[in-house]
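Asker: The following comprises the amino acid sequence and a computationally predicted model.
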Amino acid sequence: MTTTPAAAAALPNLTDRVTRYYTDLLDTHGPTAEGMGYKNADAQELRYRIISEVTDLNGLAVHEVGCGVGHLAGLLTRWAPRARFSGSDILPASIDIARRTHPACRFAVRDVLGPSDGWRYDVVVTSGMLNLRLEYDDAAWEQWVCQVLRNMYAMCTVALAFNGMSDQVDFRDPNLFYANPMDIAEFCRAELSPQVVVRHDYPLYEYTVYVYRDSLV
Amino acid sequence: MSVTAATTDIASAIREHFTQLVKQYGATPVGVGWANAEEQLRRYRCLLGPHLPAGTRVLDVGCGVAQLAAHLQRRDVACEYAGIDLCPDVIAAARAVTPSVCVSSGDVRDLPPTPVCDVAVCCGTFHVPRRVDATSWRTWVFEMLGHVFRLTTHRLAFNLLRVDTDAYHGCDPRDLFEYCRRNLSRFVTMRADYAADEYTIHVHRHVDGQLPCRDTPPNQDPGAAH
């Protein structure tokens, strides 16, 4: 798997910054949707529901990058009870909670841009992870996003699903990254797979992209 | 509605092209410009999506020989189907195959801009021969999308070629996605997961995703509006 010295160099101290940001959130709000950086549990659940509609996840190995305390594991017991869920996150404190809360699932402290040891899953997903640009510049952040997506796609055998903030919004937070969903889709088509779906059809100012290795239609 | 000279030319170009095809190949997918039946099935799946409750009023704009009606019947969905097509000969071919099918010949832009359907489908409707100039074609596509969207209560679904082929005009999906979300509704979906060189866009009026179920299907023959 490729790693990204160039992208990492353009975002100095990214891991430390992100770790500090989410540690503060977890300390303040506990293992809740708010503690994972979502506005509330409803917004979190809607995002995950759209992500989980990438395909029928029953019977598939589903891996979430940036899984936090493993909320998706709990939601999938309702939506796709036969999915085999695992998650990874750079925050050891979150992974500790995830392991205690969902002992049947595997969790790992791991950076998606770190060495991969050939991890493979049917479906690889991430929610909200591409948004927190902090004060890094847009171009550098976009490079980082692209590299994360390359690495995630390399880990999947069936599909990749992720979301991001749409540039069609009513308010912009200076710490967040907003993109034209079709620019992201065109990147996926050019570098990952032509089998791409863009969803901009749910009541949040964001989009979800599915990328399939082969057509499931 | 004003019909400009350019868009009149497009209507004639479409009429001539597809009349010729249907004369040559009859009421088959090839006869209305599609390479084969299998591909067309994948297109329909993408255009219709997974949930189409009984009673949904489907308006098939550029219906050709109304193969979408047959597809809906095979899916055993009790939709209220209506088709409209510019070419009288194509409509005659559709009626020859299925006399009971609800189709009419005419220009959808002549319908008053009020909702007559829940879902409007434009399958291959914008595949226009290259002899029409590109600018007029794009203007016509955008005008059609605006008009057809106003005929829906819920959703417009259409497909397009990604780039020009030898025969037909195509358009970058970014341009159409942008047009739809800025001008029609911000709730838009783009699918490119079913064919190499084309894509499907859905424009939703609402985001609940649920289409209405009707006990008494209303009368919705678009031909009646002429």
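Answerer: Arrived safely, thanks for sending.
Asker: Give me the phi and psi angles of the closest residue to A:V112 other than its chain neighbours.
Answerer: Of all residues not flanking A:V112 in the chain, A:V65 sits nearest, at 4.8 Å (Cβ to Cβ, 6 or more residues apart in numbering or on different chains). Every residue, glycine included, has its C-beta placed from N, CA and C. Backbone dihedrals for A:V65, given as degrees, to the nearest 10, come out at phi -90, psi 130.
Asker: For A:V65, name its beta-bridge partners.
Answerer: Legend: beta-bridge partners of A:V65 under DSSP bridges are A:S88.
Asker: Surely it is in contact with A:G128?
Answerer: No: applying Cβ atoms under 8 Å as the test, A:V65 and A:G128 come out as separate, 10.9 Å apart.
Asker: How about the contacts made by the residue nearest to A:V112?
Answerer: A:G87, A:S88, A:D89, A:V112, A:V124, A:V125, A:T126, A:M129, A:V148, A:M152 (Cβ atoms under 8 Å, 6 or more residues apart in numbering or on different chains).
Asker: Low-confidence regions, the chain specifically.
Answerer: You didn't say which chain, so I picked chain A. Across chain A, residues meeting the criterion (pLDDT under 70) sit at A:1-9.
Asker: hm, I was asking about chain B
Answerer: Those would be B:1-8, B:29-35, B:208-226, if you go by pLDDT under 70 across chain B.
Asker: In it, where's the longest strand?
Answerer: strand B:152-161 (DSSP state E).
Asker: Partner strands of that one and their direction?
Answerer: By DSSP bridges, strand B:152-161 pairs with strand B:117-122 (parallel), strand B:198-204 (antiparallel).
Asker: Is the top helix by length along chain A positioned near chain B?
Answerer: Longest helix of chain A, by residue count under DSSP state H: helix A:138-155. No: figure legend: helix A:138-155 not in contact with chain B (Cβ under 8 Å from any Cβ of the partner chain); closest approach 14.4 Å.
Asker: list the buried ones in that helix?
Answerer: By neighbour count on 16 or more other Cβ atoms under 10 Å in any protein chain shown, the buried set for helix A:138-155 is A:140-155.
Asker: I'd like to know which of the residues you listed is nearest to chain B.
Answerer: Of all the buried residues of helix A:138-155, A:Y153 has the smallest distance to chain B: 14.4 Å, by Cβ to the nearest Cβ.
Asker: surely that closest one meets A:V123?
Answerer: No: using Cβ under 8 Å as the test, A:Y153 is too far from A:V123 to be in contact (11.2 Å).
Asker: okay, and the common contacts of the two?
Answerer: A:L160.
Asker: who's in contact with the nearest residue to A:I97 once chain neighbours are set aside?
Answerer: Excluding its sequence neighbours, the residue lying closest to A:I97 (Cβ to Cβ, 6+ apart) is A:V69, at 4.3 Å. Residues in contact with A:V69 (Cβ under 8 Å, 6+ apart) are A:L26, A:P31, A:G35, A:M36, A:S94, A:I97, A:A98, A:T101.
Asker: Give me the three-state assignment for A:V69.
Answerer: A:V69 falls in the coil class when you classify it by DSSP: H, G, I helix; E, B strand; the rest coil.
Asker: Sticking with B:P112, tell me its helix or strand.
Answerer: Using DSSP states H and E, B:P112 maps to neither a helix nor a strand.
Asker: interface residues of chain B facing chain A?
Answerer: Counting by Cβ under 8 Å from any Cβ, the positions of chain B adjacent to chain A are B:42, B:45-46, B:173-174, B:177-178, B:181-182, B:186-194, B:196, B:202, B:204, B:207, B:209.
Asker: Now the buried members of those.
Answerer: Using 16+ other Cβ under 10 Å, the buried ones in those are B:45-46, B:173, B:177, B:181, B:186-194, B:202, B:204.
Asker: can you tell me which of those are in helices?
Answerer: Applying DSSP H to those, the entries found in helices are B:R45, B:C46, B:P173, B:F177, B:R181.
Asker: In this structure the second one contacts B:N159, no?
Answerer: The one in question is B:C46. Yes: using Cβ under 8 Å, B:C46 is in contact with B:N159, at 7.4 Å.
Asker: Report the set of residues contacting both of the two.
Answerer: Residues touching both B:C46 and B:N159 (Cβ under 8 Å, 6+ apart) are B:T200.
Asker: Please, where are all the helices along chain A?
Answerer: Under DSSP H, chain A gives helices at A:5-10, A:14-29, A:41-52, A:71-79, A:92-101, A:138-155, A:181-191.
Asker: out of those helices, which comes closest to B:L72?
Answerer: helix A:41-52 (26.8 Å; Cβ to Cβ).
Asker: Quick check: A:L60 vs A:R82, distance?
Answerer: 8 Å (Cβ to Cβ, to the nearest Å).
Asker: In CSV, could you pull the C-alpha coordinates for the longest strand of chain B?
Answerer: Taking Å, rounded to 0.1, in the frame of the first residue of the first chain, the C-alpha atoms of strand B:152-161 are listed here in CSV:
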residue,chain,number,x,y,z
THR,B,152,-43.5,16.1,-11.2
THR,B,153,-44.6,15.9,-7.5
HIS,B,154,-41.5,13.9,-6.4
ARG,B,155,-38.7,13.1,-8.8
LEU,B,156,-37.2,13.5,-12.2
ALA,B,157,-34.7,10.9,-13.4
PHE,B,158,-32.8,11.1,-16.6
ASN,B,159,-29.7,9.6,-18.3
LEU,B,160,-27.1,11.0,-20.6
LEU,B,161,-23.9,10.1,-22.3
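Asker: Name the nearest residue to residue 49, sequence neighbours excluded.
Answerer: Went with chain A since none was named. Nearest one to A:R49, counting by Cβ to Cβ, 6+ apart, is A:W79 at 7.1 Å.
Asker: wait, chain B
Answerer: B:H202 (7.1 Å).
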